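Peer 1: sequence below, structure please.
(chains A and B)
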Amino acid sequence: MSVLLRALRHLGWVCALGPAIVALAVEPIRVGEFSSLTGREAGLGQYTHMGVVLALEELNAAGGVGGRPLVVLAEDTQSKAGESATVVRKLITRDHVVAIIGEGASGRCLEGAPIAQRAGIPVVTPSATNPKVTAIGDCIFRVCFTDPFQGTVMAKFARDSLNVRKVGLLVDVASPYSLGLAEFFRQRCRVDGGQIVGEQRFSGGDKDFRGQLTALKAANADALFVPCYYGDASLILLQARQLGITVPILGGDGFEAPELVQVAGAAANGACFPVHFSTDDTAPRSRGFVERFSKRWNKVPTGVSALGYDTLMLIADAIRRAGGTDPKSIRGALAATTAFEGVTGRIAIDAERNARKPASIVRVEGGQFRFLQAVTP
Amino acid sequence: MTELLQQLINGLSLGAIYALIALGYTMVYGVLRFINFAHSEVFMVGAYAGYFLGPCLGAGTIQGGLATLAGAMAICALLGVIIEKLAYKPLRGRSNLTVLITAIGVSLLLQNGGQKIVGANPRAFQFAGPGGVNRSLFPETQLHFRSLTISSNQLIVLGVALALLAGLWWIVHRTRVGTAMRAMSFNATAASLVGINNSAVISFTFALGSALAGAGGVLYAMNYPSIDPLMGTLPGLKAFVAAVLGGIGNLPGAALGGLLIGLVETFVSGTRASTYRDAIAFAILILILLFRPAGLLGRMRVEKV
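Peer 2: Purely as a prediction, here's the structure:
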C-alpha cells in the first residue's frame, strides 16, 4: 500500500514539474503574505502559512493560474505591533505583489491593511475577525466570520446550552480582537437578561493572572468569558484551575492552537470556543483537505490552516475570473464572489466584504477539540 | 476575607521570585557599584536550562525537580562567571558608564543569541509524564482550606525561595568568602590591601547572584509555563525596581522590595485599575525614592570630599 502511495507521489512530482518547467519562461504571479511567523502568536501564523503553502503547491502542480505559476512572498510581523506597516510597504513597493494575504491577528491586520488600501492592492485576511478590518476600505476582504458573530454566538451558547446567567469577563485591553468580542458578548448577554458580575482586564503578554482571577472567583460567576489568543489563554486556564475555579471557561477562535493544550495540559479540558473549521467535519471537501494537509506537514491542520488554504485559493480564483493580474480587476472579482467552494464551506462575499458562513463550537476533551454543535449566522 | 488571603498568597509567591532576582542585582552592585543588566537574561537561561535538563533528570518527581533546579542553578552560576570574565573584567578600572553599556550589550547578545539558538517561539515548560499527560516540574496538587485554594507550586516557590535566602544569609555572614564580600563592598581598596583576592570574590559574587537568578527562572517558568528568549526583560526590570526600592546594595532590602512589588502588583490586578498594574508599581518606587532616596533599608551616606 505504502509502495503504491510512494509511486503515486512520484507520479505527482512528474506531473507537477512538467508544467513548471514550461512555466519557467513566463513571469510568475506575485502574491504577498504578512503573518505572525514568529513571536507570541507564531502558532497562528505558522499554521495559516502551512495552509497557504499547501494551496500554492496544489495550484502550481495544476499549471498555475492562466498558465503562469504563483509565488507567495511571506513576510514576518514577529507578533509585534509596528512591524506590519513596514512589511506591507515592502511587499507593495519592492516586490510589486498583485494581492496580499493579510495577517490573521486583527490588531496587526488593522495596522498593515490601510497601506495596501491606499495603494489599491487587494488584501484577503484568513482569520482577522474584528469588524473594523474590512471597514478600512473597498480593497480589504476576509474569508472568516466576524467578532459580532462569534461574540453573539458564544453569549447564546452560554445561555441556551450551558444555562449560564452570571458571567465574568477577563479582557485583553491591548487587543482590538479581545475588546471587540467582549463588547458583542456583553450586548447579547444583556439582551438575553444575563448579568456581567465581574470584569477584569490584562495586557496581552502578561504572565500572572492570579490577581484578576481571584477577584473573578469572588464574584461567583457561572462561567467566564475570556476572549484572547491561545498564548495568554493557556496561562489563564492553568491559573484559573489552580485557584479552584471550576466553572466553564469560554473563549473565541483565538483559542484554537495545539499550544493551548501543550501549556495548560488537563486545565484546558472543558474550555469551549468557536472554530472556523472542525477536523471532525465529514464533508468530502474538508476530509480531503485534512488528509492532504496531514500528509504534507505530518500535522493535523487547525482552523486557520483551512482558512489560509481558502484565502490563496480564493485569490487564485479571483485572478482567473478577472482574466489578468491588474490589482483593480482582482479586487472587482473578489467583491463579486458569490459561491466559492472552500474547504471551510461555501463562501459568499457580502457588500461589507465579509464572508457569511457557518461556525462550529468545540470543547476541549482529553487534549482534543471535540465538535459540539454547528451555528449559523 | 478569603479573597484578601488568596491575593496575599498569590502576591507572596510572585514576590518571592522577584526577590531572588533582585538579590543578584543588589549583590553585584554592592561589590562592583554597577547594575548588571545582563542579569535578567541569566534568569531566562535558567528557565531554558530547566527546560532541557528536566527530561534528563526526571522532572515530575520531587527529587527530579530539585535536581533540575540545582542543575539550572549550576549552569547559571557558570554563565555568570563567564560573562564576568569575558565582558566585565577587561573593563576593570574604567568608568562605570562603560561597564553599564557593556552590560546592556551582553543582555542584547543573550536575547538575540537565544532567539537564534532555541528559536523565538514560546515553548511549554511542561514535561512528558506517564500516559502522554504533560506534567509540571514538581508533582502538583491543589490544597483547599475552606474556600481558599493554594497550588502546591506556589508553596514550592515560597519554600525554595526561603531556603535559598537562608542559605545566602549563611554564606554572607558565616563564611570567609562572605566576610570578604562584605569587606569588599565596604571598601574594595582596603580589602585588597589586607590580602583579599578581589578577582576571586567578584567571580564568586557573580556565581552566587546568577545561581539565584537561575533558580528564579526555573520557579517562574514552573508557575507561568510558557518560556521564550525575551521572557527575562519584564521580571528583570521589576526585580531591578525591587532592588532599588529596598535600597540597592542591601540584601534584606532586595528581598523586602521583591515581596512588596509582587504584593502590590497582585492586589492592583484584582481591582478595576488592573491595567495600571505596572504603572502603580513604578509610581510607588518614585514616591519612596522621593522621601527615602537610599531606598527602604538603604543607609544614607554623606559623600566625603
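
Peer 1: which other residues reach the helix or strand encompassing residue B:286?
Peer 2: According to DSSP states H and E, residue B:286 maps onto helix B:277-291. Residues from elsewhere that reach helix B:277-291 (Cβ atoms under 8 Å, 6 or more residues apart in numbering or on different chains): A:211, B:238, B:241, B:244-245, B:260-261, B:264-265, B:268-269, B:273, B:295-296. Bear in mind the C-beta positions are built from the backbone N, C-alpha and C, glycine included.

Peer 1: mind redoing it with 6 Å?
Peer 2: B:241, B:245, B:261, B:264, B:265, B:268, B:269 (Cβ atoms under 6 Å, 6 or more residues apart in numbering or on different chains).

Peer 1: which single residue of chain B approaches chain A most closely?
Peer 2: Nearest residue of chain B to chain A, counting by Cβ to the nearest Cβ: residue B:269, 2.5 Å away.

Peer 1: wait, that residue touches residue A:214, no?
Peer 2: No - if you go by Cβ atoms under 6 Å, residue B:269 and residue A:214 don't touch, sitting 8.4 Å apart.

Peer 1: what's the local residue count around the one residue in chain A that gets nearest to chain B?
Peer 2: With Cβ to the nearest Cβ, the shortest gap between chain A and chain B falls at residue A:211, namely 2.5 Å. Using other Cβ atoms under 10 Å in any protein chain shown, residue A:211 has 26 other residues around it.

Peer 1: pLDDT score for the spatially closest residue to it that is not a sequence neighbour?
Peer 2: Leaving aside its chain neighbours, residue A:211 sits nearest to residue B:269 (2.5 Å; criterion: Cβ to Cβ, 6 or more residues apart in numbering or on different chains). In this model, residue B:269 is scored at 87, pLDDT.

Peer 1: ditto for the one 10 residues further on
Peer 2: Predicted confidence (pLDDT) at residue B:279: the value is 87.

Peer 1: what does the stretch 101-250 of chain B have sitting close to chain A?
Peer 2: Contact residues (Cβ under 6 Å from any Cβ of the partner chain) of the stretch 101-250 of chain B with chain A: B:120, B:121, B:124, B:134, B:149, B:151, B:224, B:225, B:226.

Peer 1: for the second one, which non-adjacent residue is closest in space?
Peer 2: With Cβ to Cβ, 6+ apart as the criterion, residue B:121 has its nearest non-adjacent residue at 4.5 Å, and that residue is residue A:42.

Peer 1: how close does the one you found sit to residue B:136?
Peer 2: 23 Å (Cβ to Cβ, to the nearest Å).

Peer 1: from start to finish, how long is stretch A:116-136 in a straight line?
Peer 2: Start to finish, the residues bounding stretch A:116-136 are 10 Å apart (Cα to Cα, to the nearest Å).

Peer 1: could you find the closest non-adjacent residue to residue 217?
Peer 2: By default, I'm working from chain A. Distances taken as Cβ to Cβ, 6+ apart put residue A:245 closest to residue A:217, at 5.2 Å, once the chain neighbours are dropped.

Peer 1: sorry, should have said chain B
Peer 2: Closest to residue B:217 by Cβ to Cβ, 6+ apart is residue B:46, at 2.8 Å.
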